[in-house]
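Participant: Give the three-dimensional model of this entry:
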Amino acid sequence: MFDKLDGGFLPNLLENVACIRPSSETDEVILNRHRFSPDVDPFIGSGGDGYGCAALPPGAQVPFGTVRLSPDTLLDDVNVVWRHAGGYSYCDDQIQAFSHLHLVGAGVQDLGNLGVMPLLNATDERVRCFNPTADGRDLRFCNYGQRFRHADEVAGPGFYAVQLQDPTGAVIAANLTTTQHVGYHRYAFQYPSELSKSEYPRQLVFDLCHSIATRPGACENTSLSISPAENRMSGWIRFSGDFTARFNGFTLYFEVEFPEASIDPLRSGVFQQGVIQQGVFAGSGPELGALISFADDSPFVDARVSISFINQTQAQSHMHAQVGSSRFDQVFAQTQQVWKQNLNLVQVSGGSQNNRTKFFTALYHAFLAPTNWTEAGGVYLGFDNQVHQLPRGEHFYTDLSIWDIYRTEWPLLVFLQPGIATDTAQSLLRMAEQSEGILPRWPLMNGDTGSMEGEHAVVMLVDAILAGLNVDPKESLRRSAYTLRQSEGSAYLQTGYIPEQPTKTLSYVLDDFCVAQLAHQMGNQSVFESFSKSATFWENVWNPTVKFFCPRDANGKWLQCNDPITWKYRSAYPFDQYYREGDAWQYRWYLPSDIPGLMKKMGGEPKFTSDLDTFFEKSTTVHLENLLPNPWFWAGNEPDIQTPYLYQYGNHTDKTTKWVRHIQQEYYTLLASGLPGNDDYGTLSAWFVWSSLGIFPLHCDDQYVLGAPLFDEIMIQLSHSRTLKILAHNNTDGNVVTTFHFNGQALSVPFIGGNRLREGGTLEFFFSQG
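Facilitator: Have a look, this model is predicted:
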């Protein structure tokens, strides 16, 4: 998913190319840069430009954590909006603040709440903020930001560190780690010899209205209370950002403890509208913050920031339960161990270190989300804004970019993290129960943003049930059927298409197919027949003359498809208003429910395969560095990411291997711009993981299509202590897969049932010269 770029993007295109690959970043430098794990580099996906911004925050979090503690950056006080959906851009040279909430690879500006920045001896001018606007967007920045260099950054799973260059000449080392609900900051101040510590005290700025959002007035209200005697602070923020305003925003409650250094009450206080009020320890209203000074000479200034979306008591409970008396190193060690357990679900051998780094970084990114929204005591704030108690051992998950993740990220969770997937599926049903029976389209926090098209929560539920997860099939069928028929409307069922929206029609076709599959499994004949019928509506937007999916008006007239001159241009125009985030070529292949039927409409397998060749070959003639969408195969967005695997319907494993390898090598790199587009809550990363395993998920029939593993041997830990071993024999450059075996038996087709894989065993790929 991406947000549209401002009109000023194209004139600045050449200037922005420097953001794609800084000239100092050779492959050797990248391979050894700023990380303590050779296999995971959180800076991959933290840069890029235009439509090639992966929008991934490189900071600290636990797997599926609520707190995502990460730096938010600017370039010389300038907010190039599209670069900062994840808060951080590798193009920048200034950290505005370290904040606690972030979206994960979505192309929209929101969150980035409760900013923290260390500095020395702040003045009124230093805490002043400005709100320039452009095109109705608030591009807020503040004077307290600090300069930094990438050479001084380190990041890894659950950890981020950087050295900040204070204007006084001091160097401030910032170290960050987290638990589920607590962001743990550690700062060490290195003074130059000419500075007096008494005249330049160590300080932390807490900016309650800092955010990534560009919606004017997003920070609606705040409250703050400082207790120097208890060495703590508490407060709340009422916020409605660009995305969260769609469900009326949220309130963030926070508690802060300072376990290493003591608050200096004489030099601490609130600030508001750029005016510091020393000795004033409470305040409310917009543009409020705290300036905390520290009096003693302790080696570190630590701040433990605990959050809740329910109340202050919950924030306190998270602090006590998740941190207690533990110090930074102990919390970091615990977070590292959790990451190790999750990443060790897959082990690989053979292959280059570059590919290992790309693979495990992709797996790391796939485990950043969804968000475990459960709070202390097993409660959560629901979509009805009420606090709900969960059954013992269950969790509530949200932040689901469903239009994106159903394709790759969700199947990966079902396969590798079935416990989390089960809880997430149950969460979707709870969201519906709290939302007049309607399944969400793009749930964020405790609301539905309603973004994108289709009702693909249906796909998620059906895929989970068919994979054997403990999800109520009867309730899933009831909610899915109701949601779809409410969304589609009676006019759609009568005409068989959505006027001027062929891609929305295709989305409904997949959803209806999935409902039919579940109804068939449950023996519900009436629902099966009804949804099987509407699952054929793709034929109503298939233009037999040009052999593409095309828009029609309400009277049935084809729009633009019957003019050969216009169509030649429009079919490969990725900004076409009739196609959601794509063009006719990219959507030509989007029929997951009936590829054999599509192949027949296109004139048979040879024609289908030949046109796929054209689609991929032409994509290699377009050189845009991901700045703009490729009008042919576009690796940086979701509609066509499954297309390399469509060759397998004609049993062309050589072509699947060729193009999957091409994408893995050309579009996924070790650079900060190393993903081809918005990662969209792990969707592109999960594509790389699946393609590296040599299997790729299909929808609502529990089948996988086979490709070509990236490594010689892969061990996957499945549930119930089962193991799936994947072996690639003679897997060298230029070779292609010729045969597949499972548990010693040859497979006659390049497909395999999910039930067989989940039982464990050995899947073998035999390569030979192409």
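
Participant: Could you use CA atoms for every contact and neighbour count after this?
Facilitator: OK.

Participant: What number of residues are in the vicinity of Glu455?
Facilitator: Look at Glu455: counted by other Cα atoms under 10 Å, it has 27 neighbours.

Participant: got a list of what it touches?
Facilitator: Under the criterion of Cα atoms under 8 Å, 6 or more residues apart in numbering, the neighbours of Glu455 are 439-441, 483-484, 487, 507-508, 511.

Participant: now do Tyr649
Facilitator: Tyr649 makes contact with 595-596, according to Cα under 8 Å, 6+ apart.

Participant: now do Gly761
Facilitator: By Cα under 8 Å, 6+ apart, Gly761 lies in contact with 723-725, 742-743.

Participant: re the thing from before, let's see if you can find the most crowded of the contacts of Glu455.
Facilitator: Within the contacts of Glu455, most neighbours by other Cα under 10 Å means Asp511, with 29 neighbours.

Participant: can you give me how far the host helix or strand of it is from the chain middle?
Facilitator: Taking DSSP states H and E as the criterion, Asp511 maps to helix 502-522. Taking Cα atoms, centre = their mean, to the nearest Å, one finds helix 502-522 lying 25 Å from the centre of the chain it belongs to.

Participant: Just the pLDDT for the residue lying closest to Gly112 once chain neighbours are set aside.
Facilitator: Of all residues not flanking Gly112 in the chain, Ser211 sits nearest, at 4.3 Å (Cα to Cα, 6 or more residues apart in numbering). Looking at Ser211, its pLDDT reads 98.

Participant: where's Ser211 relative to Gln163, distance?
Facilitator: 22 Å (Cα to Cα, to the nearest Å).

Participant: Compare those two and say which is more crowded by neighbours.
Facilitator: Higher neighbour count among Ser211 and Gln163: Ser211, with 28 against 22, using other Cα under 10 Å.

Participant: State the three-state secondary structure for that one.
Facilitator: In terms of secondary structure, Ser211 is coil; the call rests on DSSP: H, G, I helix; E, B strand; the rest coil.

Participant: That one contacts His102, correct?
Facilitator: No - checked against Cα atoms under 8 Å, the pair Ser211 and His102 is beyond contact range at 9.5 Å.

Participant: Find residues that contact each of the two.
Facilitator: Counting by Cα under 8 Å, 6+ apart, the residues touching both Ser211 and His102 are 110-112.

Participant: Looking at the residues you listed, which are in helices?
Facilitator: Among the shared contacts of Ser211 and His102, no residue falls in helices (DSSP state H).

Participant: Now list the buried members of those residues.
Facilitator: 110-112 (16 or more other Cα atoms under 10 Å).

Participant: Which of these fall in strands?
Facilitator: The strands, defined by DSSP state E, take in nothing from these.

Participant: and these as JSON lines, adding distance to Ser352 and pLDDT?
Facilitator: Listed next are those as JSON lines, based on distance: Cα to Cα, whole Å; pLDDT from 0 to 100:
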{"residue": "Asp110", "distance to Ser352": "37", "pLDDT": "98"}
{"residue": "Leu111", "distance to Ser352": "37", "pLDDT": "98"}
{"residue": "Gly112", "distance to Ser352": "36", "pLDDT": "98"}
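
Participant: Which one of those is nearest to Asn637?
Facilitator: Asp110 (20.4 Å; Cα to Cα).

Participant: and the closest one, what are its phi and psi?
Facilitator: For Asp110, the backbone dihedrals (degrees, to the nearest 10) come out as phi -160, psi 170.

Participant: show me what contacts the closest residue to it other than its chain neighbours?
Facilitator: In space, and not counting its chain neighbours, Asp110 is closest to Ala213: 4.1 Å by Cα to Cα, 6+ apart. Ala213 sits next to 109-112, 138, 241-242 when contact means Cα under 8 Å, 6+ apart.

Participant: what's the longest helix anywhere in the chain packed up against?
Facilitator: Ranked by residue count under DSSP H, the longest helix found in the chain is helix 473-495. In terms of contacts (3 or more Cα pairs under 8 Å, 6 or more residues apart in numbering; DSSP states H and E), helix 473-495 is packed against helix 418-433, helix 457-466, helix 502-522.

Participant: orientation of that helix relative to helix 418-433 in degrees?
Facilitator: Counting by axes from the mean of the first three to the mean of the last three Cα atoms, to 10 degrees, helix 473-495 lies at 60 degrees to helix 418-433.

Participant: returning to what we had before: which of the shared contacts of Ser211 and His102 sits closest to Gly496?
Facilitator: Within these, proximity to Gly496 (Cα to Cα) peaks at Asp110, which comes in at 37.1 Å.
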